[in-house]
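Visitor: Sequence first, then the predicted structure:
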Amino acid sequence: MVVAAALLAIPVVGLLWVDSYARVEPTLAGFPFFIWYQFLWVFLCAGCTWAAHRVVLIARSGRKEPRR
Amino acid sequence: MTGINVPALVVLVGLFLLVTVLGFWASNWRRGEHLASLDEWGLGGRTFGTWITWFLLGGDLYTAYTFVAVPAAMFALGSVAGFFAVPYTIILYPIIFVYMARLWSVSYRHGYVTAADFVRGRYGSKGLSLAVAITGILATMPYIALQLVGIQAVLEVVGLGGTGSVVAKDLPLFIAFALLAAYTYSAGLRAPAVIAFVKDALIYLVIIIAILYLPSKVGGWTHVFEAAQAKMTSLNAAGRPIGVFIPSAQAYWAYATLALGSALALFMYPHSITATLSSRSRNTIRHNATILPAYSFVLGLLALLGWVAIAAGTKPIGLDGVPNAQLVIPQLFEDSFPGWFAGVAFAAVAIGALVPAAIMSIAAANTFTRNIYREWIHPHATHAEEANCSKIVSLLVKGFALVFVLTLDKQNAINFQLLGGIWILQTFPAIVFGLYTRWFHRWGLLAGWVAGMVYGTITAYNVVNPATGNHFAGSLSLIPAVGQMGYIALTAFAINSIIAAVVTVLLSIVGIPNGHDETTKEDYFADEGDSRIEKRLESVPTLRH
């Protein structure tokens, strides 16, 4: 459960820490860092949430079968 | 633009008729025993699986107003006003992953239909439940009205409405809403669930084509960002920059609190909770938290179209000749695409308004029925009476929204929606804290709610636009003790939580007992087909299922 909580906290902290990404450089295909970095987080966040989902299902499987 | 764009109008009307037929057909889709109960009419029988829930929630949360307002904010004011929607709708999902599954489980076991139902069961407090219910209804009403603003923006660019007599001006909007009201009345939550498929397909199609085609047409992404930067850093009449290209250090708090506050607030809205509870199982919610970010990506692209419009030199001017940033996206499409494709884009926005408007009116009606009608007016209402009450209230709610938009200045709807976002977050402690702990006292939570509501309302009122002198000029204000500008809702929420905790401690010292809790620990982990649920269903005669 600690692992799941950490996985869920990563995107929240990453995106609320605006100081870490409010800049133009490095640009990617013309996109300022500020823009493409946040788009990148869409995928990172989906990955983190998915991983947390798996972790919770595995942790719970001792008590009951995970459902799909 | 002059006159009516005929090809766009034909496509728009055609697609609109398609969803109308689908809406009426929906009453037979995955039909339960009968529609004469709130679980069937208002929650689609609680049978929706992962994919239907994905379309339904996507159609519900990413509203037409969002599609119009986010790019408009990017176009007019830049990234703090507009692009915060992207981190907001990303961090939303880890946040709801944590608590919405619990809310689903406890609601499944006890047959709760609304958040206020849960609060009633958890704290045994009619007063706290009423506060949550009223907040939900008040926050939802202007949101429905704003969906109409989204449809109006499209109709205006097509060339309908805006001028002429009152009847001719608003007739198209009136017809659209009457049809929506009719099929929502007959099919309940199944209608928006079916229409959401069309809506989302159209939205994805339109955005992807627009984002691939438009930037090359205006000179590439590099040019788009240069144009946006040039506009945002140029000075307005008062000698200050027009907007924000990349947030500077003073805007970090604003950007982060807007994202966090909005993310915490969104799933407190009745329409989000309705769509969540209509899903079949606990894991449906969590699956969806992992796949819903796809919509956030689209929303981000859409936000960038606001900057594409800057590079394209789009001039959003209403039929009354007054510049109106809200028209920027429809206008960009009309300028850049052949009429028929503009029609598809307009239909995407208009249908995009119908899905959330339907779900919001159902959710507000369910809340009224369960937490005001049955609680205070007619305690022994049968399932059929509850469903009937909800159906009628859903009509009244839509009628009210229509009158609101047609008779009052649009700015009122926008002001109220801003207030609604602040208000709805004040129900968070009672609902979400309650999902985890019974430590908070019901009167403490009520006191915190009052404090948050009062602080939020007064502070929002005191935000004055220096140029026009209008109140409710924005959602940012100085955060006490931090000394930075931040989202008012989040500050009010902090005050709310502190008051709730302090009053809880005081009441426990005095020894005033907390209310009766009808839920048990296992309720918060229950899942579809759980053997413990069957037992519970038999042993609890009060369960209304």
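Guide: Yep, that arrived.

Visitor: sec struct for B:Val464, please.
Guide: For B:Val464, the assignment made with DSSP: H, G, I helix; E, B strand; the rest coil gives coil.

Visitor: per-residue pLDDT, it?
Guide: pLDDT for B:Val464: 82.

Visitor: how close does it sit to B:Leu419?
Guide: According to C-beta to C-beta, to the nearest Å, B:Val464 stands 15 Å off from B:Leu419. Where you see a C-beta, it was placed from the backbone N, CA and C, and this is true even at glycine.

Visitor: Now do the SS call for the residue of the stretch 401-545 of chain B at minimum distance from chain A.
Guide: Per C-beta to the nearest C-beta, B:Asp527 is where the stretch 401-545 of chain B lies closest to chain A, at 6.3 Å. At B:Asp527 the chain is in coil, as set by three-state DSSP.

Visitor: and it, how many neighbours?
Guide: Here the number of neighbours of B:Asp527 (other C-beta atoms under 10 Å in any protein chain shown) works out to 22.

Visitor: Report pLDDT for it.
Guide: Looking at B:Asp527, its pLDDT reads 78.

Visitor: Provide a list of residues in contact with the residue nearest to it when sequence neighbours are not counted.
Guide: Leaving aside its sequence neighbours, B:Asp527 sits nearest to B:Arg282 (C-beta to C-beta, 6 or more residues apart in numbering or on different chains; 4.4 Å). Contact partners of B:Arg282, counting by C-beta atoms under 8 Å, 6 or more residues apart in numbering or on different chains, are A:67, B:101, B:104-105, B:108, B:525-528.

Visitor: mind checking pLDDT for B:Arg282?
Guide: At B:Arg282, pLDDT is 85.

Visitor: What values do phi and psi take at it?
Guide: Here is the backbone geometry of B:Arg282 (degrees, to the nearest 10): phi -60, psi -40.

Visitor: Closest to the centroid, which residue in the chain?
Guide: No chain was given, so I picked chain A. In chain A, the residue lying closest to the centroid (C-alpha atoms, centre = their mean) is A:Cys45, at 2.6 Å.

Visitor: My question was about chain B, not that one.
Guide: Note: chain B centre (C-alpha atoms, centre = their mean) maps to B:Leu61, 5.2 Å.

Visitor: what's that residue in contact with, if anything?
Guide: Per C-beta under 8 Å, 6+ apart, neighbours of B:Leu61: B:89, B:266, B:272, B:292, B:295, B:356.

Visitor: Filtering the residues you listed by proximity to chain A, which remain?
Guide: Residues of the contacts of B:Leu61 in contact with chain A (C-beta under 8 Å from any C-beta of the partner chain): none.

Visitor: Among those residues, which one has the most neighbours?
Guide: B:Pro356 (29 neighbours).

Visitor: Can you tell me how far it is from B:Ala196?
Guide: Counting by C-beta to C-beta, the gap from B:Pro356 to B:Ala196 is 9 Å.

Visitor: Determine the residues that are contacts of both of these two.
Guide: B:59-60.

Visitor: does B:Gly444 really touch B:Leu507, like I thought?
Guide: Yes. Using C-beta atoms under 8 Å, B:Gly444 is in contact with B:Leu507, at 6.2 Å.

Visitor: These two: which is more packed in?
Guide: Neighbour comparison, B:Gly444 and B:Leu507: the larger count goes to B:Gly444, with 24 against 18 (by other C-beta under 10 Å).

Visitor: now the helix or strand harbouring the more buried one, how far from the chain's geometric center?
Guide: According to DSSP states H and E, B:Gly444 maps onto helix B:442-461. How far helix B:442-461 lies from its chain's middle: 21 Å, per C-alpha atoms, centre = their mean, to the nearest Å.

Visitor: Could you list the low-confidence segments of chain A?
Guide: For chain A, the stretches flagged by pLDDT under 70 are A:62-68.

Visitor: No further questions, thank you.
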